[in-house]
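*Asks:* Structure of the sequence below:
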Amino acid sequence: MIAALPHIMEGLQMIWMLSRHYNKEERMGMMLQMIGKLLDERVTNLIHPKVLFKRDPLVELDLSDQAKNLFVTWISTYMNTRHNIEQSGKGTRWEFDRTRLFSRTEYDALIAQHLSEISVVLLEFTNFFGPEIKEVSLLTFKSNSTYFPN
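*Replies:* Here you go, the predicted model:
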């Protein structure tokens, strides 16, 4: 998906320059907001903590890193396209409300970064508490429950 973002932005740039309907700030801004919202919904469903932490910590780490990279790439691709439009001098400038476009995306990138850090800690705990310690702790728990039943 990350590799497709520059191509999506190129297409949006062409639509901005050629379309009579979408060359208005309100309409193109709404389209960019819808694309950002779609990215946000798809990725947050994939990395939601209820779903994410049921997986292996390595998979968690990979997914949260990919999510963060996707959000950051979405913002940087927009900024690069905006810069290219301004440098070309063709058409009007892309001046959209960045807080409406990227406030949620920036927040989600931050959350994905935190989930990535949590995944690293879980991976370290998994490596530190190997199967031997888990086995001993489970035996201790089972023996305690036989002595002190509820």
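*Asks:* Against M1, how distant is Y78?
*Replies:* Using CB to CB, to the nearest Å, Y78 is found at 15 Å from M1. Where C-beta positions appear, they are placed from N, C-alpha and C, glycine not excepted.
*Asks:* same question, Q87
*Replies:* Noted for Q87: a distance of 27 Å to M1, by CB to CB.
*Asks:* and these two? which has more neighbours close in?
*Replies:* Neighbour tally, Q87 and M1, criterion other CB atoms under 10 Å: the higher count belongs to M1, 13 against 8.
*Asks:* how about the closest residue in space to that one that isn't next to it in sequence, secondary structure?
*Replies:* Spatial nearest neighbour of M1, chain neighbours left out: L70 (6.0 Å); criterion: CB to CB, 6 or more residues apart in numbering. Following DSSP: H, G, I helix; E, B strand; the rest coil, L70 is assigned to helix.
*Asks:* how far does whatever helix or strand M9 lives in sit from the chain's center?
*Replies:* Assigned by DSSP states H and E, M9 falls within helix 5-18. Offset of helix 5-18 from its chain centre (CA atoms, centre = their mean, to the nearest Å): 22 Å.
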